[in-house]
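Peer 1: Any chance you could fold what I've pasted below:
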Amino acid sequence: MGEPFSDHFASVSGAYAHFRPTYPPPLFDWLAAVAPTRRRVWDCATGTGQAAVALAAHFSEVVASDASASQLAAASPHPRVHYRLAAAENSGLEADSLDLVTVAQALHWFDRPRFFSEVARVLRPGGVLTVWSYGIPQLEGEARNALLQKFYRDIVGPYWPAEKALVENGYRDLVLPFTGLKAPPFAMEAAWTLEQLLGYGSSWSASARYRAALGTDPLDQLRPALTAAWGEAMTPRRLHWPLTLKASRLGLP
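Peer 2: Numbers count the residues shown, from 1 in each chain. Okay, here's the model as predicted:
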């Protein structure tokens, strides 16, 4: 029996949907190219559907599941995306029914042995499992970036769940089942205003846990100094996220 599901994003689902960075389009081109066909893909732990909607441009059907009802309630609708409430380790999907399984910024929350068994059950022979994550962004400007890193590390840092360590080391120690596939490098870039960046910080699970524990908003410790360092608040500043992707293919019979 696995651990009960802990919804780290129930209180921030609206902010999560609005402020999360977008994944680069070449990533989804590559996913479509390595899948054996473009019939059906499962986006597991879809959150508010960001990756699922992007996958729908390449696949006939996207099954997008999440164990968080609040995340699904904030998800973006799309005619080829079918949302369902389900745990990663017990999808309820048919055996041998999928060309691709994707997990974006979520594998660290799973019971991985049980999830990998579920993936082996639902993938068609030749199907592909892909997982990716991104770490703390680097913000344009040395002073501004130092403030953001301090917020991440020192202010909300103690409130990150232990599972976050897998993301922080870039999935370095993660071993996928099946046969490994070499993936090209991908980068996430954005140009955000001050309020967009503050909104992103408010959507972090650590920020939610800080608010629940202390009853105050951790952004209050970042906003004044970052506002002073930003310049004109509506001026976009560049951000860069390190993105790590790993993939493996289920063997053909």
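Peer 1: Every contact and neighbour count from this point should use C-alpha atoms.
Peer 2: Noted.
Peer 1: Where do the helices of the chain begin and end?
Peer 2: Secondary structure of the chain (DSSP state H): helices located at 13-19, 25-34, 50-55, 69-73, 112-122, 142-150, 165-168, 194-202, 205-214, 223-230.
Peer 1: Buried residues in the longest one, which are they?
Peer 2: Meaning helix 112-122. For helix 112-122, the buried set under the neighbour-count rule, 16 or more other Cα atoms under 10 Å, comprises F115, F116, E118, V119, A120, R121, V122.
Peer 1: if we can go back for a sec, hey, which of the helices of the chain is tucked in deepest?
Peer 2: For these, the largest average neighbour count (mean count of other Cα atoms under 10 Å) is found in helix 50-55, namely a mean of 24.
Peer 1: picking up where we left off before, right, and the helices of the chain - which one's nearest P184?
Peer 2: helix 25-34 (8.6 Å; Cα to Cα).
Peer 1: Which residues does that closest one contact?
Peer 2: Under the criterion Cα atoms under 8 Å, 6 or more residues apart in numbering, residues R38, A54, L55, H58, F59, V128, F186 lie in contact with helix 25-34.
Peer 1: Stretch 42-50 now?
Peer 2: Contacts for stretch 42-50 (Cα under 8 Å, 6+ apart): 13, 16-17, 22, 51-52, 62-68, 71-76, 87-88, 98, 100-104, 106.
Peer 1: residues touching the residue nearest the centre of the chain, list them.
Peer 2: In the chain, the centroid-proximal residue (Cα atoms, centre = their mean) is Q105; its distance is 2.6 Å. Listed by Cα under 8 Å, 6+ apart, the contact partners of Q105 are V131, W132, S133, Y134.
Peer 1: and stretch 214-221, which residues are buried?
Peer 2: Neighbour counts using 16+ other Cα under 10 Å place P218, L219 of stretch 214-221 among the buried residues.
Peer 1: quick one: terminal-to-terminal distance for that stretch?
Peer 2: One end of stretch 214-221 sits 13 Å from the other (Cα to Cα, to the nearest Å).
Peer 1: Please save the CA atoms from stretch 32-41 in CSV.
Peer 2: What follows is stretch 32-41, C-alpha atoms only, in CSV (Å, rounded to 0.1, in the frame of the first residue of the first chain):
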residue,chain,number,x,y,z
ALA,A,32,5.7,13.2,-31.1
ALA,A,33,8.6,12.1,-33.2
VAL,A,34,9.7,9.4,-30.8
ALA,A,35,6.2,8.0,-30.1
PRO,A,36,5.5,4.9,-32.2
THR,A,37,2.2,6.5,-33.4
ARG,A,38,0.3,9.6,-32.5
ARG,A,39,-2.9,8.0,-31.4
ARG,A,40,-3.0,8.2,-27.6
VAL,A,41,-0.9,9.8,-24.9
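Peer 1: per-residue confidence averaged over stretch 116-136?
Peer 2: Stretch 116-136 carries an average pLDDT of 96.
Peer 1: and what of stretch 169-177?
Peer 2: 88.
Peer 1: count of residues packed around the residue nearest to S76 when sequence neighbours are not counted?
Peer 2: Using Cα to Cα, 6 or more residues apart in numbering and skipping the chain neighbours, the partner closest in space to S76 is G49 (5.8 Å). G49 sits with 26 neighbouring residues when counted by other Cα atoms under 10 Å.
Peer 1: G49 and F178, how far apart?
Peer 2: According to Cα to Cα, G49 stands 26 Å off from F178.
Peer 1: pLDDT below threshold where in the stretch 151-253 of the chain?
Peer 2: Low-confidence segments of the stretch 151-253 of the chain (pLDDT under 70): 253.
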